[in-house]
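Q: Below is the sequence, then the predicted model.
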Amino acid sequence: MPSARAILRACTTALTVDGGELLFAWRGPFIDATPMSYGRGTDQVAVPGANPLAFHGNPLVYQSDEPLQLKHYRLDEDRRPSFIYQLGSQTIEDTLEPAGGGPYLQRSVTVTAGRHDMTVVAAHAPSVTAGSRVELTFINDHDMSHNLVIARDADRVARDALDLGLQGHNLDYVPQSDDILAHTGLMGPGSQETIFIVAPMESGNYAFVCTFPGHTQTMRGRLRVLPP
């Protein structure tokens with residue numbers, strides 16, 4: 001299966017270009033893959049450096065009725081790459097970089113535009129350390145105000161938000177509820193906000209929903225937490 005390799009400061013990663021599956025990460029110099037494209041027969045095998053981290057190789061996006069297509073990549077000023085994929089009408093940007101405090105990678109996945117049903121793999125590991133955080137950034141590129149509420153029961157939270165009545169706007173349409181795990185404020189067009197979900201969380205199905213009046217029935221989805 002074809003792979004793409006790129007330098008991440010002092011870290012190099014290997015992942016498949018047709019599915020975004022993360023395979024390895026290791027400390028070492030950038031691998032020049034030019035001979036693989038032009039030499040055709042020389043230097044075809046690249047060996048990871050010392051003590052590589054091996055990952056599960058799960059696809060970035062699964063449970064989708066359309067294939068994920070790699071369109072291009074771009075490098076930032078530190079030569080860290082972001083890989084740009086297309087899935088139907090939606091654009092997906094996948095960025096990997098070293099995280100401080102140990103042999104970890106931070107992965108950022110940004111999905112913009114479109115209304116395509118899919119499941120994105122945010123993380124996969126045999127265990128999650130208590131106190132670890134999952135970071136979610138909600139970008140409102142719509143022409144209306146929205147919020148993002150992550151809850152155990154979207155229907156119940158939606159009813160509680162509606163019951164706020166005229167006080168709803170002052171409270172960002174987020175009710176006081178033990179069902180709510182995390183939420184943004186009410187964001188206007190062109191704004192964004194980052195929130196964190198603190199682990200551990202029990203395995204099961206959770207929901208994300210916009211509780212702005214009139215949005216709760218269509219602007220919702222499922223956040224699935226799998227057991228180890």
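A: Arrived safely.
Q: And the biggest helix by length in the chain, what does it pack against?
A: Ranked by number of residues, the top helix in the chain under DSSP state H is helix 154-162. For helix 154-162, the contact count by 3 or more Cβ pairs under 8 Å, 6 or more residues apart in numbering; DSSP states H and E identifies strand 149-151, strand 204-209 as packing neighbours. C-beta coordinates here come from the backbone N, C-alpha and C atoms, glycine included.
Q: neighbouring contacts of that helix?
A: 149, 151, 168, 173-177, 179-180, 207-209, 211, 213, 216-217, 220 (Cβ atoms under 8 Å, 6 or more residues apart in numbering).
Q: and the helices and strands packed on helix 154-162, which is most packed in?
A: Comparing the helices and strands packed on helix 154-162 by mean neighbour count (mean count of other Cβ atoms under 10 Å), strand 149-151 comes out on top with a mean of 25.
Q: Within its sheet, name the partner strands of that one and how each one runs.
A: Strands that pair with strand 149-151, judged by DSSP bridges, come out as strand 180-183 (antiparallel), strand 204-209 (antiparallel).
Q: number of nearby residues for Leu68?
A: Taking other Cβ atoms under 10 Å as the criterion, the count of residues near Leu68 is 20.
Q: returning to what we had before: nearest to Leu22, of the strands paired with strand 149-151?
A: strand 204-209 (24.0 Å; Cβ to Cβ).
Q: Quick one: work out the angle between that closest one and helix 154-162.
A: Going by axes from the mean of the first three to the mean of the last three Cα atoms, to 10 degrees, strand 204-209 is angled at 30 degrees with respect to helix 154-162.
Q: contacts for strand 204-209?
A: Applying Cβ under 8 Å, 6+ apart, the contact partners of strand 204-209 are 148-154, 157-158, 181, 216, 219-225.
Q: Ala54 versus the nearest residue to Leu223 once chain neighbours are set aside, what's the distance?
A: Of all residues not flanking Leu223 in the chain, Tyr206 sits nearest, at 4.3 Å (Cβ to Cβ, 6 or more residues apart in numbering). Here the criterion is Cβ to Cβ, to the nearest Å. By it, Tyr206 lies 29 Å from Ala54.
Q: And His215, by the same measure?
A: Here His215 is placed at a distance of 42 Å from Ala54 (Cβ to Cβ).
Q: neighbour count winner among the two?
A: More neighbours surround His215 than the other of His215 and Ala54, with 18 against 11 (other Cβ under 10 Å).
Q: His146 is in contact with that one, correct?
A: Yes - His215 lies in contact with His146 (Cβ atoms under 8 Å); the separation is 6.8 Å.
Q: Surely Tyr85 is in contact with His72?
A: No - assessed by Cβ under 8 Å, Tyr85 is found out of contact with His72, at 9.5 Å.
Q: Tell me which of those two has more neighbours.
A: Tyr85 (24 against 9).
Q: Grab the nearest non-local neighbour of the more buried one.
A: Closest residue to Tyr85 apart from its sequence neighbours, by Cβ to Cβ, 6+ apart: Ile92 at 4.4 Å.
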